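[1] Provided below for reference: sequence and predicted model.
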Amino acid sequence: MPDDAFAGEMLPVQGGEFWMGSDDHYPEERPRRQARVSDFLIDRTPVTNRQFAAFVEATGHVTLAETAPDPALYPEADPALLIPGSSVFTAPDVQPKAANPMLWWRYQPGADWRHPEGPGSSIEGRKDHPVVHVAFADAEAYAAWAGKRLPTEAEWERAAWGGREGAAYAWGDELAPDGKMMANYWQGTFPSQNLCLDGYFTTSPVGHFPANGFGVYDMIGNVWEWTTDWYALPKDSSKPCCAPDLKRDAADASRDLNDPGRNFPRKVIKGGSHLCAENYCRRYRPAARYPQTVDTSTSHIGFRCVRDVEAV
């Protein structure tokens, strides 16, 4: 049975209240708080290259990575880089003295979902891997075509916990119980040394690692996944909060005005990826979250879809 035998299958997730976030890890996950979702269905795996290829064949969709950027949206960019492409991870030969993502990420002309590492690479032999180099709009377009939608952050986290809210990881409190690899993440010293104890340097076939308590695969590691929530710091739902800022809507408020991507709002991505490591970005956990500008596509971001349960 191929690893992506469950690709496209959806599983039910019961709604209700659950504990979301964590007080024990990164500040943006705090406070641990109660959230509520309605019943929904979720894709059992991330969307694969095979599935995305069917979408492109049916619709003719052209991804953001395959489109030349609009110079008006990137006034500070080098004009030579305003050509179709995407961000690709490249491991440095020597361990950097300081954490600087610019040392291991590069804008690669010609990189897209069909060519994950750029020209000369392909998805042959990787049809059952998660599709990557998809920006938020690309993921939304696929979801609409499939008669689904992208999950909210709360829906995604509810599904990722698999009924184990409060555990450090989706499967318990030990990262590798009895030495068993439970997800595709970075083993070794990021970004220069990957021991590949899980068998993969980049993405892995969906469904290769154990499912969580709800039967859902790859919620942790492999690729980050888009959600529909605009990025903001969580609020403690048990305490009264200040009045909303009426001058800025949620999309505008999600921007980081000190970041090169300040011209674009940011969505929440979840789940971590094959690049998350013990010494860097320990976000291969259900509670973990990260902001990502909507114009961004990379070699480690994918998505999955959900669907509302029809009222009977």
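    Structure received. Numbering: from 1, shown residues only.
[2] show me what the residue lying closest to Trp105 once chain neighbours are set aside bridges to in the sheet.
    Spatial nearest neighbour of Trp105, chain neighbours left out: Ser87 (5.3 Å); criterion: CB to CB, 6 or more residues apart in numbering. Glycine gets a C-beta too; all of them are placed from N, C-alpha and C. On the basis of DSSP bridges, Ser87 is bridged to Tyr107, Thr298.
[3] isn't Ser87 right next to Thr293, touching?
    No - here Ser87 does not reach Thr293: they are 11.1 Å apart, not a contact under CB atoms under 8 Å.
[4] how about Ala154, nearest residue that isn't a chain neighbour?
    Ala35 (4.6 Å).
[5] thinking that neighbour is in contact with Gly15, fair?
    No - counting by CB under 8 Å, Ala35 does not reach Gly15; the two are 10.6 Å apart.
[6] are there residues contacting both of those two? Which ones?
    Common contacts of Ala35 and Gly15, defined by CB atoms under 8 Å, 6 or more residues apart in numbering, comprise Arg158.
[7] who has more neighbours, the two?
    It is Ala35, of Ala35 and Gly15, that has more neighbours when counted by other CB atoms under 10 Å, with 18 against 14.
[8] low-confidence ranges, this structure, go.
    1-5, 236-248, 311-312 (pLDDT under 70).
[9] mind listing the helices for it?
    Here the chain has its helices, by DSSP state H, at 49-59, 136-145, 153-161, 250-253.
[10] ranges for the strands of the stretch 101-250 of the chain?
    105-109, 224-230 (DSSP state E, counting those that start in this stretch).
[11] Glu165 is nearest to which of those strands?
    Each of the strands of the stretch 101-250 of the chain has some distance to Glu165 by CB to CB; the shortest is strand 224-230, at 17.6 Å.
[12] rewinding a little: which one of the helices of the chain lies nearest to Ala277?
    Closest among the helices of the chain, using CB to CB: helix 153-161, at 19.2 Å.
[13] isn't Phe129 right up against Pro205?
    For residue 129 the amino acid is His, not Phe. Yes - applying CB under 8 Å, one finds His129 in contact with Pro205, separated by 5.8 Å.
[14] roughly how far apart are the residue nearest to Val131 when sequence neighbours are not counted and Arg114?
    Distance criterion CB to CB, 6+ apart; nearest residue to Val131, sequence neighbours excluded, is Phe52 at 4.0 Å. According to CB to CB, to the nearest Å, Phe52 and Arg114 sit 9 Å apart.
[15] which one's more surrounded, these two?
    Phe52 (26 against 19).
[16] so which of the strands of the stretch 101-250 of the chain is nearest Asp39?
    Once those are compared by CB to CB, strand 224-230 is nearest, at 17.5 Å.
[17] in terms of secondary structure, what does the closest one contact?
    Under the contact criterion of 3 or more CB pairs under 8 Å, 6 or more residues apart in numbering; DSSP states H and E, strand 224-230 touches helix 153-161, helix 250-253, strand 266-270, strand 289-293, strand 301-302.
[18] next, the buried residues of the second one.
    By neighbour count, with 16 or more other CB atoms under 10 Å as the criterion, helix 250-253 contains no buried position.
[19] how about that helix as CSV, C-alpha atoms only?
    Coordinates of each C-alpha in helix 250-253 appear next as CSV, following Å, rounded to 0.1, in the frame of the first residue of the first chain:
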residue,chain,number,x,y,z
ALA,A,250,-7.0,41.9,11.8
ALA,A,251,-5.1,41.6,8.5
ASP,A,252,-3.4,45.0,8.8
ALA,A,253,-2.6,44.4,12.5
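[20] double-check Lys127 against Asn49; I have them as touching.
    Yes - assessed by CB under 8 Å, Lys127 is found in contact with Asn49 at 5.0 Å.
[21] what's the offset of stretch 156-173 from the middle of its chain?
    16 Å (CA atoms, centre = their mean, to the nearest Å).
[22] likewise for stretch 33-51?
    That offset, for stretch 33-51, works out to 12 Å (CA atoms, centre = their mean).
[23] ditto for stretch 299-306
    5 Å.
[24] mind listing what's buried along it?
    299-306.
[25] returning to that earlier point: how about the helices and strands packed on strand 224-230 in TSV, adding distance to Pro210?
    Listed next are the helices and strands packed on strand 224-230 as TSV, based on distance: least, CB to CB, whole Å:
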stretch	distance to Pro210
helix 153-161	13
helix 250-253	36
strand 266-270	19
strand 289-293	23
strand 301-302	19
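[26] so which of the ones you listed comes closest to Leu81?
    strand 289-293 (15.9 Å).
[27] quick one: list the elements packing against that closest one.
    Partner elements for strand 289-293 (3+ CB pairs under 8 Å, 6+ apart): strand 224-230, strand 266-270.
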